[in-house]
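Fold the following and give me the result.
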Amino acid sequence: MKLDVIKLDGKKAGSVDLGDEIFGLEPRTDILHRVVRWQRNNAQAGTHKVKTRSETSYSTKKIYRQKGTGGARHGSRNAPIFRGGGIYKGPTPRSHGHELTKKFRKLGLKHALSSKAATGNLVILDEASAKDAKTGALAKQVKDLGWKRALIIDGATLDENFVVASRNIDTIDVLPTMGANVYDILKSDTLVITKAGIEALEARLK
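Down below sits the predicted model:
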């Protein structure tokens, strides 16, 4: 697969050949779903907690006499049946994460890249760099290019001026190659990869 390479000013800067084993697969939603679910579950905090009857604070005195009330027999205000009492089988802190093999995660990333290429939402950028860390200048270039919600994947290292300039543009996310992931790729409308990013991704996904 051959795609044109552009610069931030919109001018062409040659072309690049993309490997079909990474960018030319037939996207499978079942694979993408499993990888996204693995990502989101691992990101879930799992800190939700309720108090059991041993943790609520009430007197341990028997609340009323055993017999003669005409009601049920109760010995503690901490029982789940009472307001303010402990919660029965409520959530406790736990990890929501689960295992997914490295081979399958790589496959998911390939299918995510292929899905963007198949829909025509993949853009190859010459380089993601800026002379000055000016948000206004970069925002104008992004607007002229028509990128509404874009994810930019660069090589192993990011240009500091470009990162600072893009920090206040809420429609742009910038990641190094090792940060590229299925969820962020699918969430973006336009996937932008630099030439350095292409080389690093191909090396990572061999």
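
How far away from the center of its chain is stretch 94-103?
Its chain's C-alpha centre and that of stretch 94-103 lie 15 Å apart, by C-alpha atoms, centre = their mean, to the nearest Å.

Summarise which helices and strands the host helix or strand of Glu202 is packed against.
Taking DSSP states H and E as the definition, one finds Glu202 inside helix 195-204. Contacts defined by 3 or more C-beta pairs under 8 Å, 6 or more residues apart in numbering; DSSP states H and E place helix 195-204 against strand 122-125. Quick note: C-beta positions are derived from backbone N, CA and C, even for glycine.

Show residues contacting the strand it packs on.
3-8, 16, 23, 113, 116, 147, 150, 152, 190-195, 198 (C-beta atoms under 8 Å, 6 or more residues apart in numbering).

Now, these that are in strands?
Leu3, Asp4, Val5, Ile6, Val16, Ala150, Ile152, Thr190, Leu191, Val192, Ile193, Thr194 (DSSP state E).

quick one: pLDDT of the closest residue in space to Phe82 that isn't next to it in sequence?
In space, and not counting its chain neighbours, Phe82 is closest to His74: 8.0 Å by C-beta to C-beta, 6 or more residues apart in numbering. The per-residue pLDDT reported for His74 equals 93.
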